[in-house]
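J.: structure here, sequence nowhere to be found:
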Ligand SMILES: [Fe+2]
């Protein structure tokens, strides 16, 4: 039995935070690169580019960062064992090509974890950009639209975004502690908590690995080693309802999910962040959920909001419940989530949204 009685008492620890408190502690969860750190990163990019090495093949040891390494390893612990998010401000990307920015982003990412595929096309470098897709299309993923994305988790240990181009307006990023959501459900509607600790059926968006069903079954809140591990994609649960063989959601289940959504929207609970070009945000999917507001884009296609994304696996990440280890598609050598692995699809790192 774990040290806390799950479903009966709140879960404490650094993962249980409130946005209202974190707004006052910005220096704890953000850092603006110094000029000497930027020089170090630029030297690492030049080193890679002089070798003509493909982004996909850059490993941690190929991207030497003499002093930035220590900062990144502190950030890594903050992500995996602390509050679970961090913001690095101010890469000078306005002077860079997208290839240079992607190289820096990938290289910094290698110091946090191992990049994995984010979709059925094997993209290990993802692009969050409005491709004009309709979010009501069962196969459309939210990152391909300009729609508001409700609070959700991605299917990796860490998700990280580099802002290449910001929106004309909107597109604000917001994060929330899933441990705090758990504690607040317990405090305000304890009757709903047991349901949220039972599995929900969610679509795999048609990206189905060998031997798996078109859906996965995962609870929203899962106790594990004294922590609450969370997984939540409301749109995937809703779209799962369209799949033959998935039982219909009950009114009580919908009420419980609505309650989680309403808690996450409480400004005392969540934390908003503005992305400027050159900013990198990291989130740990096991202890936070993230969202973004709808956005309005610039006229010219090359100016439009565009974020690069990595999903990172961390071999020493928090222990995960079997719901996740059995449901997630890929697995690293150490059993960590390894993204969306479809047989016969090779990994690739496109420099444009495709
Ligand atoms: Fe996401």
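T.: Yep, it's here. Remember, it's a predicted structure, so these values are computed and weren't measured experimentally.
J.: ok, the nearest residue to residue 82 once chain neighbours are set aside - contacts?
T.: Sequence neighbours aside, residue 14 is the residue nearest to residue 82 in space, at 4.6 Å (criterion: CB to CB, 6 or more residues apart in numbering). No exception for glycine: its C-beta is placed from N, CA and C like everyone else's. Residues in contact with residue 14 (CB atoms under 8 Å, 6 or more residues apart in numbering) are 81, 82, 83.
J.: quick one: which of the residues you listed is nearest residue 307?
T.: Checking the contacts of residue 14 against residue 307 by CB to CB gives residue 83 as the nearest, at 21.6 Å.
J.: and the helices in the stretch 151-300 of the chain?
T.: Ranges of helices in the stretch 151-300 of the chain, per DSSP state H, counting those that start in this stretch, are 178-188, 193-196, 234-240, 251-264.
J.: run the angle between the last one and helix 178-188 for me.
T.: Direction vectors for helix 251-264 and helix 178-188, defined by axes from the mean of the first three to the mean of the last three CA atoms, to 10 degrees, enclose an angle of 120 degrees.
J.: what packs against the helix ranked longest in the chain?
T.: Of all the elements of type helix in the chain, the one with the most residues (DSSP state H) is helix 35-51. Using 3 or more CB pairs under 8 Å, 6 or more residues apart in numbering; DSSP states H and E as the contact test, the elements touching helix 35-51 are helix 68-80, helix 98-110.
J.: what sits against the residue nearest to residue 290 when sequence neighbours are not counted?
T.: Of all residues not flanking residue 290 in the chain, residue 175 sits nearest, at 4.8 Å (CB to CB, 6+ apart). Neighbouring residues of residue 175 by CB under 8 Å, 6+ apart: 85, 270, 271, 273, 283, 288, 289, 290, 291.
J.: just residue 285 next, same as before
T.: With the criterion set at CB under 8 Å, 6+ apart, residue 285 makes contact with 153, 154, 155, 156, 157, 158, 159, 231.
J.: among the contacts of residue 14, name the buried ones.
T.: Neighbour counting with 16 or more other CB atoms under 10 Å marks 81, 82, 83 as buried within the contacts of residue 14.
J.: take the residues you listed and lay them out in a markdown table including pLDDT.
T.: Below are these laid out as a markdown table (pLDDT from 0 to 100):
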| residue | pLDDT |
| --- | --- |
| 81 | 97 |
| 82 | 98 |
| 83 | 98 |
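J.: of the contacts of residue 285, which is the most crowded?
T.: In terms of neighbours by other CB atoms under 10 Å, the contacts of residue 285 top out with residue 156 at 31 neighbours.
J.: in what helix or strand does the closest residue to that one other than its chain neighbours lie?
T.: Spatial nearest neighbour of residue 156, chain neighbours left out: residue 311 (3.5 Å); criterion: CB to CB, 6+ apart. Assessed by DSSP states H and E, residue 311 sits inside strand 306-313.
J.: strands paired with that strand, and their directions?
T.: Strand 306-313 sits in its sheet next to strand 114-116 (antiparallel), strand 126-129 (antiparallel), strand 158-165 (antiparallel), going by DSSP bridges.
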